[in-house]
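In: Prediction below, plus the sequence it came from.
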Amino acid sequence: MTGQLPVLGAGGWGTALAVAADRAGPGVRLWARRPDFAARLREVRENREYLPGVRLPAGIEIGNDLAGAVAGADWALLVVPSVGMPELLGALPRDLGVVLCAKGLAPDGGQLSEFARELGFGRVAVLSGPNHAEEIGRGLPAATVVASADLDFAHAVQRRLMSPALRLYTSSDVVGVELGGVLKNVMALAAGMSDGLRLGDNAKAGLLTRGLREISRYLQALGAQEETVYGLSGLGDLIATATSPHSRNRAAGEALARGEEAQQGGKVVEGLRTAGLLAAWASAHGHDLPIVRVVAQIAAGDLTPAQGLAELMGREAKRE
Ligand SMILES: NC(=O)c1ccc[n+]([C@@H]2O[C@H](COP(=O)([O-])OP(=O)(O)OC[C@H]3O[C@@H](n4cnc5c(N)ncnc54)[C@H](O)[C@@H]3O)[C@@H](O)[C@H]2O)c1
Ligand SMILES: O=P(O)(O)OC[C@H](O)CO
């Protein structure tokens, strides 16, 4: 890639990816939606709201002019929450390669990568894996996957972002990589609820194992490969998010179980939005996702976590 790499979105993940990209090579532009926020980032060289404690190296250009951020670039990392993705995509030139880094869904419950294609983007990739911004920002070692139907594009992303601290794998399984990250957020909410209800280690292990089976069945029904389900963006991310103190989704589930607000300050908790969209989309397309359905009902306030547990435990007897 010649020229600068635009990183569009300056939340925790966008900031961490900008720092990781700068570690891999010079030439990063970080775009923040709000002008005052961009100005503050430029001034203090730290994202105190979303990624405190990580210094933004002087080489990273920071601004809030979107057209300027992508001018001359071949492709960009899009790192706003899924709810902001349609607006951001709509404002970008269609010949720009887009790497979607959100773990969420389009407004209709479908894949964001499909949404981007329908808007006319020709080069679309997704990036997903067990990647907490707090650790990647600090340069702790991590691995992730970039998937695209256009493998040349995936390889270009891999080459640009690989560093001694971040290992990228490529894949052509966009469905598997994209939706693995989406579903794990819902499972992380469920795991957090299990923690919040103090159900113990057996319950959480059982929940995550059945959750992985639910992810596997659904993804493979949509055409994903089994190896992707058990790869970094599937099982890998499920492990990271369901056990980590950094996970917002897990923490939100725990808060819900304690009868507290699920939302963690101003930070996005994708699973809360995803659960309802996914449950509706899956059932409209004839798929039964029991854990997702129950989490969606809890997130909507239609069930308490204890009622959700009773519903899952009371399902009909079956073989594993
Ligand atoms: N935080 C992580 O460790 C991590 C890791 C991998 C993937 N992700 C995914 O990355 C995406 C972004 O998460 P994050 O952690 O950076 O979120 P965040 O809560 O840290 O920050 C969200 C950022 O998006 C901005 N924003 C909010 N609504 C917007 C909109 N409508 N349009 C444009 N910008 C908007 C906010 O101002 C803020 O800068 C999510 O889909 C998340 O699942 C996060
Ligand atoms: O903090 P979470 O739960 O939103 O998860 C962040 C990343 O997706 C982990 O890979």
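Out: On my side now, so go ahead. Ligands and ions are numbered 1, 2, ... in the order given.
In: use CA for all of it now, contacts and neighbours both
Out: Will do.
In: Help me confirm that Asp288 comes into contact with Ala282.
Out: Yes - counting by C-alpha atoms under 8 Å, Ala282 is a contact partner of Asp288 at 6.8 Å.
In: and those two? which has more neighbours close in?
Out: Legend: neighbour count by other C-alpha atoms under 10 Å for Asp288 and Ala282, higher for Ala282 (18 against 15).
In: Then that one would be within a strand, right?
Out: No - counting by DSSP: H, G, I helix; E, B strand; the rest coil, Ala282 is not found in a strand; it is helix.
In: Can you tell me how far it is from Leu51?
Out: Using C-alpha to C-alpha, to the nearest Å, Ala282 is found at 34 Å from Leu51.
In: before we move on, what about Pro107?
Out: Distance from Pro107 to Leu51, by C-alpha to C-alpha: 27 Å.
In: out of these two, which sits in the busier spot?
Out: Neighbour comparison, Pro107 and Leu51: the larger count goes to Leu51, with 20 against 17 (by other C-alpha under 10 Å).
In: Do I have it right that that one meets Glu134?
Out: Yes - at 6.6 Å, Leu51 counts as touching Glu134 under the criterion of C-alpha under 8 Å.
In: okay, and the common contacts of these two?
Out: Gly12, Ala16 (C-alpha atoms under 8 Å, 6 or more residues apart in numbering).
In: Stretch 23-35: which residues count as buried?
Out: Arg23, Ala24, Gly27, Val28, Arg29, Leu30, Trp31, Ala32, Arg33 (16 or more other C-alpha atoms under 10 Å).
In: for stretch 129-146, same thing?
Out: By neighbour count on 16+ other C-alpha under 10 Å, the buried set for stretch 129-146 is 129-134, 136-139, 142-146.
In: what's the farthest-apart pair in those?
Out: Arg138 and Val146 (21.0 Å; C-alpha to C-alpha).
In: The residue nearest to Arg248 when sequence neighbours are not counted: neighbouring residues, count only.
Out: Distance criterion C-alpha to C-alpha, 6 or more residues apart in numbering; nearest residue to Arg248, sequence neighbours excluded, is Val269 at 6.0 Å. Neighbour count of Val269, defined by other C-alpha under 10 Å: 24.
In: show me the contacts for Val269.
Out: Arg248, Asn249, Ala252, Gln263.
In: Just among these, which is most surrounded?
Out: Going by other C-alpha under 10 Å, Asn249 tops the contacts of Val269 with 30 neighbours.
In: Could you check how many residues crowd around the residue lying closest to that one once chain neighbours are set aside?
Out: The shortest distance from Asn249 to any non-neighbouring residue, by C-alpha to C-alpha, 6+ apart, is to Leu189 (5.1 Å). Neighbour count for Leu189, taken as other C-alpha under 10 Å: 34.
In: The helix or strand hosting Leu189 - contacts with which helices or strands?
Out: For Leu189, the element it lies in under DSSP states H and E is helix 174-196. On a contact count with 3 or more C-alpha pairs under 8 Å, 6 or more residues apart in numbering; DSSP states H and E, helix 174-196 meets strand 124-128, strand 142-148, helix 201-221, helix 226-229, helix 237-243, helix 248-257, helix 270-284, helix 290-299.
In: just to revisit the earlier point, can you tell me how far the residue nearest to Asn249 sits from ligand 2?
Out: Distance of Leu189 to ligand 2, computed by C-alpha to the nearest ligand atom, to the nearest Å: 8 Å.
In: What backbone torsions are found at the closest residue to Asp150 other than its chain neighbours?
Out: In space, and not counting its chain neighbours, Asp150 is closest to Arg123: 6.8 Å by C-alpha to C-alpha, 6+ apart. Arg123 adopts backbone torsions of phi -110, psi 110, taken as degrees, to the nearest 10.
In: go on, Glu61?
Out: Per-residue torsions, Glu61: phi -80, psi 140 (degrees, to the nearest 10).
In: cool, the one 4 residues further on as well?
Out: Its backbone dihedrals place Asp65 at phi -90, psi 110, with angles given as degrees, to the nearest 10.
In: Contact partners for it?
Out: Asp65 neighbours (C-alpha under 8 Å, 6+ apart): Trp31.
In: Report pLDDT for it.
Out: The per-residue pLDDT reported for Asp65 equals 98.
In: what's the answer for Met1, then?
Out: Met1 carries a pLDDT value of 48.
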